[in-house]
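Build me a model from this:
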Amino acid sequence: MARWRQLVAETSGKIAAISRDIAEINRSICENNARSKEYLDYQRTRYIRGEQDWISRTEGGTVYRSDSWGLQNLTSERSLVTSASRLTKYLARQRSAVSSTRSSEASRHFRS
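Residues are numbered from 1 along each chain as shown. Below is the predicted model of the structure:
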């Protein structure tokens, strides 16, 4: 009878240890699933906004990021092409064209 109680106690201890291991595995699976979901949501949101990270093979693995503002070299932190700078240049050209049109109209008006 003593041997039987000893075996029952050992079996109960093993079952409790396995139960704790299973609970730990389930917890880590849930955490990994949550992290994966967050990462996928993050990537989906970036895709919707038109943002991408990519690696150039021809330049030895240089990492680039493109977004609505342009293209940035993440390795050297250098901005290569920015639509913001293109917009600034475009607006400057538009302003100079408008001001030159106005000045020519004003000079025509005063000559008449």
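
I'd guess S76 is in a helix, am I close?
No: according to DSSP: H, G, I helix; E, B strand; the rest coil, S76 belongs to no helix; its state is coil.

Report the separation between it and Y64.
Look at S76 and Y64: by Cβ to Cβ, to the nearest Å, they are 10 Å apart. Any C-beta I mention is one placed from the backbone N, CA and C, and that applies to glycine too.

what's the answer for S19, then?
Distance of S19 to Y64, given as Cβ to Cβ: 50 Å.

quick one: the strands in this structure?
52-56, 62-67, 70-73, 78-82 (DSSP state E).

What residues sit buried inside stretch 63-76?
By neighbour count on 16 or more other Cβ atoms under 10 Å, the buried set for stretch 63-76 is 64-65, 71-72.

Provide a list of residue ranges in the protein with pLDDT below threshold.
59, 77-95, 97-112 (pLDDT under 70).
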